[in-house]
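K.L.:
Pasting a predicted model and its sequence here:
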Amino acid sequence: MAATRIADVSPPSFVQLAGHPVRWQLLCELGHSDLPVRELCTLIGRPQSLVSYHLRRLRDHGLVTMRRSSADGRDTYYSLDVARCAKVLAQSGRALHGGLRLVPAPVSRRGTGATRPRVMFLCTGNSARSQMAQAFTAELSAGRVDVVSAGSKPKPLHPNAVRAMREHGIDISDWRSKSLDKFTGEHWDYVVTLCDRVREVCPEFPARPDLIHWSIPDPAREGENDAQTYPAFQRTATELATRIPFLLEQIEQTQITEEAA
């Protein structure tokens, strides 16, 4: 009777969806960095019509999102919804076996040492997104990564960025914007661009760091005054607070693998 019941159960939708080779390739590439269709086509070696079809399937199931590029309105960046993927993956594990209760890995509190990974967040002004990302990373990593932020055209820290971070219990009120030029000659393990414009002008760094892009709109451009734009800063803070723990786990697992090699 149990065998009949199991035979009648279809695989969870995530398993059916992600099991397709092209969709799995797309999920893996977007798990590393937000990308436009043309770059995805190059990376997986498939025609645009096929890639667009499978991206639409992934979007319909909420695993992938899209945003119009702020650098070129003709371009669209696709992003992996890591929180949604974690949820449906856990549900798929439970569907297979009640004991497979998958949960996100906790933020590590390992001690730090001389081999701390170096991470830099970049946006155009270093007035909001990259500063907020730096603050979350410093807080959540508890010192296990060396993190800074900078801008290609720095301008003063936006008061709404300070206000939004304060809601998360982090005070950046005395922080100052920094120029990208200050850091271009240094060694970095990870460079994360948060702005579509700065991605296009991002220079080459020594030792070829892992380049990651998150296509996050400038919250200061939404609305006509600070009161109207503040909800955009809150959304930016929420998105960064969701993405950064997954980035930190990825960095730590890479470090563990390299140290064991």
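P.N.:
On my side now, so go ahead. Fair warning: this is a prediction, and the values are worked out from it, not measured in the lab.

K.L.:
where exactly do the helices run in the chain?
P.N.:
Taking DSSP state H as the test, the helices found in the chain are 2-7, 13-18, 21-32, 37-44, 48-60, 82-96, 129-141, 159-167, 196-201, 226-260.

K.L.:
out of these, nearest to residue 152?
P.N.:
helix 196-201 (5.0 Å; CB to CB). Every C-beta, even on glycine, is put in place using the N, C-alpha and C of the backbone.

K.L.:
List the buried residues of the closest one.
P.N.:
196-199 (16 or more other CB atoms under 10 Å).

K.L.:
Equivalent analysis for stretch 9-20, please.
P.N.:
Neighbour-count burial for stretch 9-20, counted by 16+ other CB under 10 Å, picks out 12, 14, 17-18.

K.L.:
can I see the domain layout of this structure?
P.N.:
Domains of the chain are assigned by automatic domain parsing as 10-96, 118-260.

K.L.:
Out of those domains, indicate the one that is most buried.
P.N.:
Neighbour counts (mean count of other CB atoms under 10 Å) averaged over each of the domains of the chain peak at domain 118-260, with a mean of 18.

K.L.:
Give the rounded mean pLDDT of that one.
P.N.:
Across domain 118-260, pLDDT averages out at 93.

K.L.:
Tell me the span between the first and last residue of that domain.
P.N.:
Taking CA to CA, to the nearest Å, the first and last residues of domain 118-260 lie 19 Å apart.

K.L.:
Work out the gap between it and the centre of the chain.
P.N.:
10 Å (CA atoms, centre = their mean, to the nearest Å).

K.L.:
likewise stretch 63-73?
P.N.:
Per CA atoms, centre = their mean, the centroid offset for stretch 63-73 relative to its chain is 14 Å.

K.L.:
Please enumerate residues in contact with it?
P.N.:
Identification of contacts with stretch 63-73 by CB atoms under 8 Å, 6 or more residues apart in numbering yields 14, 17-18, 26-27, 30, 36, 55, 58-59, 75-81, 84-85, 88, 195-197, 199-200, 215, 217-218, 221.

K.L.:
returning to what we had before: tabulate the helices of the chain (JSON lines), appending distance to residue 174.
P.N.:
Output for the helices of the chain, formatted as JSON lines (distance: least, CB to CB, whole Å):
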{"stretch": "helix 2-7", "distance to residue 174": "60"}
{"stretch": "helix 13-18", "distance to residue 174": "44"}
{"stretch": "helix 21-32", "distance to residue 174": "34"}
{"stretch": "helix 37-44", "distance to residue 174": "39"}
{"stretch": "helix 48-60", "distance to residue 174": "41"}
{"stretch": "helix 82-96", "distance to residue 174": "31"}
{"stretch": "helix 129-141", "distance to residue 174": "12"}
{"stretch": "helix 159-167", "distance to residue 174": "9"}
{"stretch": "helix 196-201", "distance to residue 174": "24"}
{"stretch": "helix 226-260", "distance to residue 174": "18"}
